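*Asks:* Only the shape, not the letters, is given here:
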Ligand SMILES: NC(=O)c1ccc[n+]([C@@H]2O[C@H](COP(=O)([O-])OP(=O)(O)OC[C@H]3O[C@@H](n4cnc5c(N)ncnc54)[C@H](O)[C@@H]3O)[C@@H](O)[C@H]2O)c1
């Protein structure tokens, strides 16, 4: 690891420098890890109800500072204030949820010749590495579940929103004993130094598949990976084309396409192609009247590269598809028609406001296409046929199948991603299981001295 350097943060709206922070040095990394280690026994021995109470206080403090956090998220990532605030409030709810669930998280007990208790124990030192696209909600999930189950945490927020990470730390940390929760500023180098340490028990990474794979190559800790996706949307011929197009637009353009479960590729039954595409283009144009920038111009280059390569391979841009003039990292909501399975925009995660559409002749053909690829995060099916819906949810090799609703799962729901999308439960009550390891205590009856 090289020595400390600065991370500059530029506004995604106008490219102006809005702040900078020094990255953690190698000695700060090792000192954070050893401080965490020392804090572990005390925190692990703290009654779960007290840990839950600490989390509840932290949630209340975050609720009070929601506007401040949302402002910083907006400044650093370009997510509009109202939506950034929703993300912060999702973080508050998650902390509250774990404050309740943590103290009642328990194992089974079995009555045999003696009694066996299956006791969940904290894993120990958790390194949490989080992304920029929903920085507060994602961090609150990992931190809340880890802390309430008695782990100590070293958190490294994304280098694209370090001020958000530090402000979150300022709000949460006072509610926990010294050393139990620490936050380090840094990029992938700092992350890599953390995950390579033999002192770490669990690495919880929410981010790209490339990073998840790099972590898997270098860390000897237990891994919890919640990574990228290339979610398909399958549109049957029996649904209202205008409604289907509004679902597609919501899935592809919300947060400028920068959600892990964004719609990334669309398989459209050719029988409703014309009205669907007309309605989708109208939605995209509407979206472009109030554009949201991408996180930075480097990410915009990545998105545009995929669009350009699709255009070069025969796709046509019905709306958008080019980099606008002017400052900032804006990219228009884009509708691509005439897409084919081999195009990068169909095979890879784009993570931008792009709706690439491939026509299919039947639901079966669309389902076959939707089942292709390495990723397995989520998929959406729009169909009026229960038979087709059922076939889709049985066959799609993904963690989450959404039928006739692109967003809006119940809070607390969680699934295990498949394939290149990750390894375990990153959300919901099951995350408490990931944060603990089970010990069986076989309790026999002693024979007393006569
Ligand atoms: N599955 C999910 O629940 C979920 C949720 C949100 C985002 N995501 C995914 O996250 C990605 C966008 O986020 P991102 O660009 O911030 O991801 P990223 O993987 O680049 O960064 C995530 C975190 O990992 C750190 N990191 C980078 N390289 C590292 C290394 N070699 N070793 C250790 N840590 C390292 C980063 O500094 C950051 O803190 C998208 O692919 C998106 O799909 C997934």
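*Replies:* Noted; the coordinates are in hand. Quantities reported herein were computed from a predicted structural model and do not represent experimental measurements. Numbers count the residues shown, from 1 in each chain.
*Asks:* For residue 266, give the beta-bridge partners.
*Replies:* residue 233, residue 357 (DSSP bridges).
*Asks:* Near it, how many other residues are there?
*Replies:* Neighbours of residue 266 under the rule other Cβ atoms under 10 Å: 32. All C-beta atoms are positioned from the backbone trio N, CA, C, and that covers glycine.
*Asks:* what residues are up against it?
*Replies:* By Cβ atoms under 8 Å, 6 or more residues apart in numbering, residue 266 lies in contact with 232-233, 235, 248, 252, 355-358.
*Asks:* Closest to residue 437 out of the residues you listed?
*Replies:* Comparing the contacts of residue 266 against residue 437 with Cβ to Cβ places residue 232 closest, at 35.4 Å.
*Asks:* gap between that closest one and residue 296?
*Replies:* Per Cβ to Cβ, to the nearest Å, residue 232 is found 27 Å from residue 296.
*Asks:* who's more crowded, the two?
*Replies:* Neighbours were tallied for residue 232 and for residue 296 using other Cβ under 10 Å; the higher tally belongs to residue 232 (27 against 21).
*Asks:* Confirm for me that that one is in contact with residue 262.
*Replies:* No: the criterion here is Cβ atoms under 8 Å, and residue 232 misses it with residue 262 at 11.3 Å.
*Asks:* mind pulling up the phi and psi values for the closest residue to the ligand within the stretch 1-150 of the chain?
*Replies:* Closest contact between the stretch 1-150 of the chain and the ligand, by Cβ to the nearest ligand atom, is at residue 131 (3.0 Å). Residue 131 adopts backbone torsions of phi -90, psi -180, taken as degrees, to the nearest 10.
*Asks:* wait, doesn't it sit right on residue 139?
*Replies:* No: using Cβ under 8 Å as the test, residue 131 is too far from residue 139 to be in contact (9.3 Å).
*Asks:* Tell me how far residue 321 lies from residue 311.
*Replies:* Distance of residue 321 to residue 311, given as Cβ to Cβ: 7 Å.
*Asks:* What of residue 106?
*Replies:* 56 Å.
*Asks:* hey, what's in contact with both of residue 321 and residue 311?
*Replies:* By Cβ under 8 Å, 6+ apart, the residues touching both residue 321 and residue 311 are residue 336.
*Asks:* Return the residues in contact with residue 432.
*Replies:* Taking Cβ under 8 Å, 6+ apart, one finds 98, 101-102, 105, 120, 145, 148-149 in contact with residue 432.
*Asks:* what helix or strand is it on?
*Replies:* Per DSSP states H and E, residue 432 falls inside helix 430-434.
*Asks:* next SSE after that helix?
*Replies:* By DSSP H and E, the next helix or strand past helix 430-434 is strand 436-443.
*Asks:* Packing partners of the lowest-mean-pLDDT helix or strand in the chain?
*Replies:* Least confident helix or strand, the chain: strand 109-111 with a mean of 90, by mean pLDDT, DSSP states H and E. Packed against strand 109-111 by the contact rule (3 or more Cβ pairs under 8 Å, 6 or more residues apart in numbering; DSSP states H and E) you find strand 115-122.
*Asks:* same for the strand it packs on, what does it pack against?
*Replies:* helix 26-45, strand 109-111, strand 436-443.
*Asks:* List the contacts of the closest residue to the residue of the stretch 1-150 of the chain closest to the ligand other than its chain neighbours.
*Replies:* Among residues not flanking residue 131 along the chain, residue 207 sits closest, at 4.5 Å (Cβ to Cβ, 6 or more residues apart in numbering). With contact set as Cβ under 8 Å, 6+ apart, residue 207 has these partners: 129-131, 158, 226-228.
*Asks:* Among these, which ones are in strands?
*Replies:* Using DSSP state E, 129, 226 are the members of the contacts of residue 207 that sit in strands.
*Asks:* what residues does the chain put near the ligand?
*Replies:* The chain has residues 129-134, 138, 156-159, 187-188, 191-192, 195, 205-208, 211, 214-215, 226-229, 260, 349, 351, 377, 422, 426 near the ligand, with proximity defined as Cβ under 6 Å from any ligand atom.
*Asks:* neighbours of residue 74, just the number please.
*Replies:* Neighbour tally, residue 74, other Cβ under 10 Å: 20.
*Asks:* My guess is it contacts residue 87. True?
*Replies:* No: look at residue 74 against residue 87 with Cβ under 8 Å: they stay out of range, at 10.2 Å.
*Asks:* For the stretch 51-200 of the chain, which segments count as helices?
*Replies:* Here the stretch 51-200 of the chain has its helices, by DSSP state H, counting those that start in this stretch, at 66-77, 81-101, 135-148, 162-172, 188-196.
*Asks:* Just say which of those helices is most tucked in.
*Replies:* Among those, helix 135-148 has the highest mean neighbour count (mean count of other Cβ atoms under 10 Å), at a mean of 28.
*Asks:* Return a PyMOL selection command for the buried portion of the contacts of residue 207.
*Replies:* Entered in PyMOL, the line below selects the buried ones among the contacts of residue 207, by 16 or more other Cβ atoms under 10 Å:
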select buried, resi 129+130+131+158+226+227+228
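*Asks:* In TSV, list the contacts of residue 207 along with distance to residue 240 and pLDDT.
*Replies:* TSV is the format used below for the contacts of residue 207 (distance: Cβ to Cβ, whole Å; pLDDT from 0 to 100):
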residue	distance to residue 240	pLDDT
129	42	98
130	38	98
131	35	98
158	39	98
226	34	96
227	34	96
228	31	96
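*Asks:* Out of the contacts of residue 207, which comes closest to residue 23?
*Replies:* residue 158 (12.3 Å).
*Asks:* With adjacent residues omitted, what lies nearest to whichever residue of the stretch 251-400 of the chain sits closest to the ligand?
*Replies:* Nearest residue of the stretch 251-400 of the chain to the ligand, counting by Cβ to the nearest ligand atom: residue 260, 3.2 Å away. Residue nearest to residue 260 in three dimensions, not counting chain neighbours: residue 229, with 5.6 Å by Cβ to Cβ, 6+ apart.
*Asks:* What is the neighbour count of that neighbour?
*Replies:* 29.
*Asks:* mind listing what it touches?
*Replies:* Taking Cβ under 8 Å, 6+ apart, one finds 260-262, 264, 349, 375-378, 417, 421 in contact with residue 229.
*Asks:* Show me those that map onto strands.
*Replies:* Reading strands off those with DSSP E, I get 264, 375-376, 378.
*Asks:* about what we covered before: ok, the residue of the stretch 251-400 of the chain closest to the ligand touching residue 133?
*Replies:* Yes: the criterion here is Cβ under 8 Å, and residue 260 meets it with residue 133 at 7.2 Å.
*Asks:* What separation do you get for residue 144 and residue 318?
*Replies:* 43 Å.
*Asks:* ok so, going back, contact partners for the residue of the stretch 1-150 of the chain closest to the ligand?
*Replies:* With Cβ under 8 Å, 6+ apart, residue 131 has these contacts: 138, 158, 206-208.
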